[in-house]
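Student: here are the coordinates; sequence isn't available:
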């Protein structure tokens, strides 16, 4: 890393759920020790169930976040680039200054069929698993753990 605040970029296709939740959760749990960003290869809007899930589970407000295209970050340095879906992994541009590239494959919670409660549950489960992985990542970034293979 550069000695400056570590930077993490989360990527998924629409930058509406998984990557938005990851950005908000990392920003919250790192308390400013890590800069978190997110983007998509075909961004849309932040999904309301993503906002609801992280607010309900962790008290994190995603209200100030917006969907961004990955091109907004072209040429920027990131210490970690983490793809959250297979599509983003395959179409992600190269960030040559990112020494660590990880893939955390998550199913899209917005694609879950069923009732509103079924869909909300999928978002909460995704948010909870993201938090678990982010806690592990943060321990690695802050030097309190060693990374495990992706």
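Tutor: Structure received. Computed from a predicted model, the values in this text were never measured in an experiment. Numbers count the residues shown, from 1 in each chain.

Student: Tell me how many other residues crowd residue 102.
Tutor: The local packing of residue 102 (other C-beta atoms under 10 Å) involves 18 other residues. Placement of C-beta: from N, CA and C, glycine included.

Student: same thing with residue 58?
Tutor: Around residue 58 there are 16 residues (other C-beta under 10 Å).

Student: longest single helix anywhere in this structure?
Tutor: In the chain, taking DSSP state H as the definition, the longest helix is helix 116-141.

Student: avg pLDDT for that one?
Tutor: Averaged across helix 116-141, pLDDT comes to 96.

Student: And it, how far out from the chain middle?
Tutor: Helix 116-141 sits 10 Å away from the centroid of its parent chain (C-alpha atoms, centre = their mean, to the nearest Å).

Student: Give the other helices and strands that it contacts.
Tutor: Packed against helix 116-141, as judged by 3 or more C-beta pairs under 8 Å, 6 or more residues apart in numbering; DSSP states H and E, are the following elements: helix 18-30, helix 48-58, strand 80-83.

Student: which of the residues in that helix are buried?
Tutor: 119-124, 126-127, 130-131, 133-134, 137-138, 141 (16 or more other C-beta atoms under 10 Å).

Student: Tell me which helix or strand in the protein has the weakest average pLDDT.
Tutor: Lowest on mean pLDDT, DSSP states H and E among the helices and strands of the chain sits helix 86-91, with a mean of 62.

Student: So what's the gap between the following helix or strand past that helix and the chain middle?
Tutor: Next helix or strand after helix 86-91 toward the C-terminus (DSSP states H and E): strand 100-103. Centre-to-centre, strand 100-103 and its host chain are 12 Å apart (C-alpha atoms, centre = their mean).

Student: Which elements pack onto strand 100-103?
Tutor: Using 3+ C-beta pairs under 8 Å, 6+ apart: strand 100-103 touches strand 80-83.

Student: helices and strands around the strand it packs on, which ones?
Tutor: Counting by 3+ C-beta pairs under 8 Å, 6+ apart, the elements that strand 80-83 packs against turn out to be strand 7-12, strand 100-103, helix 116-141.

Student: tilt between the first one and helix 18-30?
Tutor: I take that to be strand 7-12. 150 degrees (axes from the mean of the first three to the mean of the last three C-alpha atoms, to 10 degrees).
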